[in-house]
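>>> the sequence and its predicted three-dimensional model are supplied below.
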Amino acid sequence: MSDNSETAPETSPTPFDWTTLAALRSRLEAELFSLNKTVLLDALASAGITHVVVTFDGYSDSGQIENVDVRSGDDDIAMPDARIEIAQAVWGQSEPERSTVTLATAVESLAYDVLERTHGGWENNDGAYGDITFDVAERTITLDYNERYTASENYTHSF
C-alpha cells in the first residue's frame, strides 16, 4: 500500500513585531489627529466660535480638564450641541474606530490627545497644569504647559 497524501511543510509562526505595530499605530494616530483637527475646526468655525481654551490640571496620578471657555470674538458663549464624526486608532486594528460626538467631547478628546502626544504622564507625581487653545481662524492648537516637580538640595559641611 502506498500513501499518496501530501503533507504541508511545517512552518513556525512569525514573531509578533511590536515595533512595526507601534510604528503603524503612531502613523495612524498622526493621520487621525490631523483629520479630527480639521473636522473640529471646521465645525467650530461654522458655529461662529473663534477660540476655545481648555484648562487642565493633574497630579498624584490623576488629571482632568478643569474648564472649557468658548469664545466668539470677545464674547463668552455656550458650546453648541452640534455633533461631528471623529476617529480613533485601536491597537492591533488597521481601521480606526469612528464615532459621532458632541463638539464638547471632540474638544476634550483632542485636548487629551495633545497632552499625550507631547507629555505622556502629565498627570503623574507632581503633575502639570496649563491651557490648550484652539484658535479657529489660525487653525492651530497651542499647548501652554507647566510641569511641577519637587526639588531637593542637600548640603553637608564638615569642619
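Noted; the coordinates are in hand. Numbers count the residues shown, from 1 in each chain.
>>> run me through the strand neighbours of the longest strand seen in the chain, direction for each.
Longest among the strand segments of the chain by residue count, using DSSP state E, is strand 62-72. Strand pairing for strand 62-72, determined by DSSP bridges: strand 51-59 (antiparallel), strand 75-77 (antiparallel).
>>> hey, where'd the helices end up in this protein?
Counting by DSSP state H, the chain has helices at residues 18-46, 103-119.
>>> so who does the one residue sitting closest to the centre of the chain touch?
Centroid-nearest residue in the chain, with CA atoms, centre = their mean: residue 113, separated by 1.1 Å. By CB atoms under 8 Å, 6 or more residues apart in numbering, the residues touching residue 113 are 29, 33, 36. C-beta coordinates here come from the backbone N, C-alpha and C atoms, glycine included.
>>> now do the worst-scoring helix or strand of the chain on mean pLDDT: which elements does it pack against?
Ranked by mean pLDDT, DSSP states H and E, the weakest helix or strand in the chain is helix 18-46, scoring a mean of 91. Under the contact definition 3 or more CB pairs under 8 Å, 6 or more residues apart in numbering; DSSP states H and E, helix 18-46 sits against strand 83-88, helix 103-119, strand 128-135.
>>> please identify the deepest-packed of the helices of the chain.
Sort the helices of the chain by mean neighbour count, taking mean count of other CB atoms under 10 Å, and helix 103-119 sits at the top with a mean of 18.
>>> only alpha carbons, please: show that one as CSV.
C-alpha atoms of helix 103-119 as CSV (Å, rounded to 0.1, in the frame of the first residue of the first chain):
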residue,chain,number,x,y,z
LEU,A,103,-18.3,69.4,19.8
ALA,A,104,-17.5,69.5,23.6
THR,A,105,-16.5,65.8,23.6
ALA,A,106,-14.4,66.3,20.4
VAL,A,107,-12.6,69.3,22.0
GLU,A,108,-11.8,67.3,25.1
SER,A,109,-10.7,64.3,23.0
LEU,A,110,-8.2,66.4,21.0
ALA,A,111,-7.0,68.2,24.2
TYR,A,112,-6.2,64.9,25.8
ASP,A,113,-4.5,63.8,22.5
VAL,A,114,-2.3,66.9,22.6
LEU,A,115,-1.2,66.2,26.1
GLU,A,116,-0.5,62.5,25.5
ARG,A,117,1.4,63.2,22.2
THR,A,118,3.7,65.8,23.9
HIS,A,119,3.8,65.0,27.6
